[in-house]
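Asks: Dropping the sequence and predicted coords here.
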Amino acid sequence: MRRSTSKLLFSLSLGLERKCKCYNGYFVNGYVFHTEEYGQGRKTYNSCVCVEGSTSSELEVDYYCRLEEVVELEYHNE
């Protein structure tokens, strides 16, 4: 195992920081998404998310849901 990989695994083994940041939306790949609560009462907003999935078989299963929370988690780092 490379040295950088072992440092990464060590950081992951320490677990998450106790603090996290919460947001009412996020911007990714040119799209803006907001939580469903933030979008209430607005004329337009996007709170639907699709995650492409796959299984061990030949079937591919996509997951659709409404965005309820945006939470940024941080792991301990050197």
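Replies: Sure thing, it's come through.
Asks: Wait, residue 65 touches residue 53, no?
Replies: No - in this structure residue 65 lies outside contact range of residue 53 using C-beta atoms under 8 Å: 11.9 Å. (Glycine included, C-beta is placed from N, CA and C.)
Asks: any chance you could map the helices in this structure?
Replies: Applying DSSP state H to the chain gives helices spanning 3-13, 36-39.
Asks: the bottom helix or strand of the protein by mean pLDDT?
Replies: In the chain, the helix or strand scored least confidently by mean pLDDT, DSSP states H and E is helix 3-13, which has a mean of 77.
Asks: circling back: so which of the helices of the chain comes closest to residue 20?
Replies: Nearest to residue 20, of all the helices of the chain, is helix 3-13, at 16.2 Å by C-beta to C-beta.
Asks: Poorly predicted segments of the protein, please.
Replies: 1-3, 55-57, 78 (pLDDT under 70).
Asks: 80 instead?
Replies: Low-confidence segments of the chain, defined by pLDDT under 80, span residues 1-8, 11, 45, 53-60, 76-78.
Asks: all strands in it, in order from the N-terminus.
Replies: Ranges of strands within the chain are 21-23, 25-28, 31-34, 48-51, 63-66, 70-72, based on DSSP state E.
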